[in-house]
Every structure is written in structure tokens, then in C-alpha cells.
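Trainee: Sequence plus predicted model, see below.
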Amino acid sequence: MKKFFAVLLTLAMVLSLAACGGKDSGSSGDSGSTGGDTQQQEPASTPSEDGGSSSPDMKVAMITDYGDITDQSFNQTTYEACKAWCEANGVEFNYFKPAGDSTAERVAMVEKAADEDYNVIVMPGFAFAETISQTADTYPEISFIALDVAEGDVGTIPSNTYCAVYKEELCGYMAGVAAVKLGYKHLGFLGGMAVPAVQRFGYGFVQGADAAAGELGADVTLEYVYGNQFNGDADITAYMDNWYQNLGVECVFASGGGIFSSAGEAAVKVPGTKVIGVDVDQSFTIDAAYGDGLTLTSAMKGLGATVNHMLDEVAAGNFGNYGGKAEALGLVSGDDPTANYVLLPMETTQWGDGFSQDDYKALVKDMFDGKVTVSDDITAMPEVANITVNEYGNIK
């Protein structure tokens, strides 16, 4: 670490930024190894509120959690967004993959990035909470951007850290409405681990299915289970086989990283059944692996939008407006669903007469205006009036 440079950078930040107070809310690799492309160009000029430009010394690092940049979920989406932004802006970028799934290994990668003078570090996933607690104060010159890390996970958020969480219950609700209105009456929810984000997805899905069933007067059953891991395997696939083949489940919302593989492997054996993806538009991955048209829709978070916005703000010298905060990102537009941080994909959702793009836009408008409300309470399964919910706990 270039100590002299760090001191100068810290002084510059203190003089130019006004920090705000906070508010609420794997796979292994070679030790010390890094991947990704490193861009050595001069950074592009990025306008700021005071007419300045981005710092020529801005260097962006992304650290993976217990997955890697091919996980077709959080890590991959974050990596691709960081890489694309840095390439477009001429900013040096690299990613660091911990050697194992532990806080110690993640802390080691923060230390490595700091030693290599990266001064913006992006970290996707709740697993980074303790990493932040152990490193943020040690490296005050670094701007930390944590995705899906809540204030309750960290405690007091350091002034050089911004945490973004998402209102997963909202896009889970959208997916539940879509599934029922598109004609699926026997649904399933396959969660990864019962962590808050996954629970919000699931409980939102339950609420949406219940609301749509009440509106249609439909008889809907929803099976609900957690795999207790974020990847599919033979045991979970067998469980899904039973759902699709014996219970008659028609559509499963697979919410938890790569756990969709077990739902996809089971669904493809029963013609006409579907899978709902999560976090990103997983239709490209699921359909490519198991057959065209298998993905009904995906309940998505705006991970890429968050990365782009925050890197823009860092480059503009505005990180002080975000440091020390945790923000829950959800709906920011009632007129343009694609502008929101929680959404369904416009292009790949299998719209139909029961639920069209116009119906989706109307739903989002009602949610934005407060005519439709969705609870984010995860202390217990939501009460339902129109559907039957069968809870099974954990598969494993």
C-alpha cells in the first residue's frame, strides 16, 4: 500500500465530501489468485455536481462471496456490471476470489486488493457483513459498496461503506400474481437457505399468489420448502421430481442461486411445467440447459443498476452522500417498470391473455401508488385467505 498516497486521498475525501449518518433496515479457488481483465487506460471524465471529473486514481475491485463469477447469479451479475462500467470509463478493474467460504478468506482478499491500491471495493452478498466489520475501519481510504448487506447484519455502518438491500417481497409478489394469472394453480417455492432475502422473495410470492387467486376465484395450492443450500443436487432434484410428477406441481419459483438446477432438471421431465428464476433474468441459463420455454419469468433485483449508479457517484466525488447508509431499493417509477430495482423481465416473461405486459404495468403502477401493499415481515408465513400453503421446512 502506498501510505503517502493513501493519506493524500483520505485528506482529499475529508475536504470534499460530507458523510451522512446511517439508517436501517462456495466454491474454492487458488489461494490469493485473482481473475478477470485489468484495464490500464486513463479513466474517462465523469461529471460531478460541482463540475469536476472522476479521479484518475480510481481503481475498482470486486470480491466474490462463496461462489464465483460464473454462478449465473449475484457474483456473475455484479462482476459483469463492474467490468463493463470500468471498461466504458477507462478505470482499472480486477476481481478477487477467496480461497474458501469463510470470513477470514474474504478478509484476506480485501487486504490483497488494498495492498494493490484498489480504492473502491464492491462486495455482493450477505456473507460480507463480518468482512465489512473487520476491514472498513482499517482502510478508511477505500469506498466499500456492499450489495444485499443490511444494517442489521453489520451493526453501525462505517462512513466509508454503503449497503444496498432490495425489497425482494415486491418482485416475489409480482411473480406470484403472474404465475396464477397465467393459469398455474399448483405452485411451489424452492428457496435456497432461509436467510432474509430468500424469505422475502418467498413470502412475497405467497402474497401475490393469494391476491391473484382471490381476484380470479381460483383454487390454488402452494408447496413451500428450503433446500438449505444455494445449489441443486441429486437429493433436491429427487424432491422436485416428487413435486412435479406426483403432487402435480406446475410451476416452481426457485429462489437461491444455483438451486434452480434441481427445479429445472425435474420440470423438464413433465411437459408443460415451468420454473421461475431469481435475482437476474435466468431464462437464458435455464432454457439453455433444460429446454426453450421452461422459464415462466424471473423475479429480479437491479444489481447492475446499483453498481452503475454507485460507481458513477464515486467517480463524480459524491460517495460522501452514501457512506454510512443502508438503503432498501425497490420501486422508483410507477410508469416505467424497467427503471425499478425490483422487477420482472419485459422481454422474456411468457405474457398471455391472463397477464399481459399492460397488466404488469398496471400492477406496478398500483404498487408504486400504494393501492397494492406487500408486507416485508419475515417473522412468520403470511396469512392467506384464498390459497392453501403447505410448509415443509428444509429438505436437508
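Mentor: Yep, that arrived. Residues are numbered from 1 along each chain as shown.

Trainee: Which parts of this protein are strands?
Mentor: All strands of the chain, identified by DSSP state E, fall at 34-35, 59-63, 92-96, 120-124, 143-147, 161-166, 186-191, 220-226, 251-255, 274-279, 295-301, 325-329, 342-343, 387-394.

Trainee: possible to save those as TSV with mean neighbour count and distance to Ala108?
Mentor: C-beta: built from backbone N, CA, C; applies to glycine. TSV is the format used below for the strands of the chain (neighbours: other CB atoms under 10 Å; distance: least, CB to CB, whole Å):
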stretch	mean neighbour count	distance to Ala108
strand 34-35	16	12
strand 59-63	26	10
strand 92-96	23	9
strand 120-124	27	13
strand 143-147	26	16
strand 161-166	26	18
strand 186-191	26	30
strand 220-226	22	30
strand 251-255	30	30
strand 274-279	29	26
strand 295-301	27	27
strand 325-329	19	25
strand 342-343	26	33
strand 387-394	13	31
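
Trainee: looking at those, which is closest to Met367?
Mentor: strand 342-343 (9.6 Å; CB to CB).

Trainee: Need the contact partners of that closest one.
Mentor: Contact partners of strand 342-343, identified using CB atoms under 8 Å, 6 or more residues apart in numbering, comprise 166-168, 170-171, 174, 299-302, 329-331, 337, 364.

Trainee: again with stretch 120-131
Mentor: Contacts to stretch 120-131, defined as CB under 8 Å, 6+ apart, come from residues 58-66, 74-75, 77-78, 82, 101, 103, 106-107, 110, 113, 132, 142-150, 153-154, 195-197, 303, 307, 310-311, 314.

Trainee: Mark which of the residues you listed are part of helices, please.
Mentor: When DSSP state H is applied, the contacts of stretch 120-131 are split such that 74-75, 77-78, 82, 103, 106-107, 110, 113, 132, 153-154, 196-197, 303, 307, 310-311, 314 fall in helices.

Trainee: Low-confidence bits of the chain, can you list those?
Mentor: Scanning the chain for pLDDT under 70 picks out the ranges 1-56.

Trainee: In ChimeraX, select just the buried ones from the contacts of stretch 120-131.
Mentor: Burial among the contacts of stretch 120-131 is assessed by 16 or more other CB atoms under 10 Å; the matching ChimeraX selection reads:
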select :58,59,60,61,62,63,64,65,66,74,75,77,78,82,103,106,107,110,113,132,142,143,144,145,146,147,148,149,150,153,154,195,196,197,303,307,310,311,314
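
Trainee: what's the span of stretch 369-376, first residue to last?
Mentor: One end of stretch 369-376 sits 17 Å from the other (CA to CA, to the nearest Å).

Trainee: what does that stretch rub up against?
Mentor: With contact meaning CB under 8 Å, 6+ apart, stretch 369-376 is reached by 167, 169-170, 173, 200, 203-204, 207-208, 211, 334, 363, 366-367, 382.

Trainee: Give me the buried entries from the residues you listed.
Mentor: 167, 169-170, 173, 200, 203-204, 207-208, 211, 334, 363, 367, 382.

Trainee: Now do the contacts for the nearest residue to Gly208 once chain neighbours are set aside.
Mentor: The shortest distance from Gly208 to any non-neighbouring residue, by CB to CB, 6 or more residues apart in numbering, is to Gly176 (2.6 Å). If you count contacts by CB under 8 Å, 6+ apart, Gly176 has them with 187, 204-212, 253.

Trainee: so of those, which ones are in helices?
Mentor: Residues of the contacts of Gly176 located in helices (DSSP H): 204-212.

Trainee: with those in mind, which one is nearest to Val220?
Mentor: The closest of the ones in helices among the contacts of Gly176 to Val220 turns out to be Ala209 (CB to CB; 5.9 Å).

Trainee: Look up how far Gln199 lies from the spatially closest residue to that closest one that is not a sequence neighbour.
Mentor: Closest residue to Ala209 apart from its sequence neighbours, by CB to CB, 6+ apart: Gly176 at 3.8 Å. Distance, Gly176 to Gln199, by CB to CB, to the nearest Å: 14 Å.

Trainee: just to revisit the earlier point, from Thr237, how far out is the residue nearest to Gly208?
Mentor: Using CB to CB, Gly176 is found at 24 Å from Thr237.

Trainee: And stretch 149-167, how far out from the chain middle?
Mentor: Its chain's C-alpha centre lies 14 Å from the corresponding centre of stretch 149-167 when counted by CA atoms, centre = their mean, to the nearest Å.

Trainee: Start and end of it, how far apart?
Mentor: Its first and final residues considered, stretch 149-167 spans 12 Å by CA to CA.

Trainee: next one: stretch 238-257
Mentor: Start-to-end, stretch 238-257 (CA to CA) is 18 Å.
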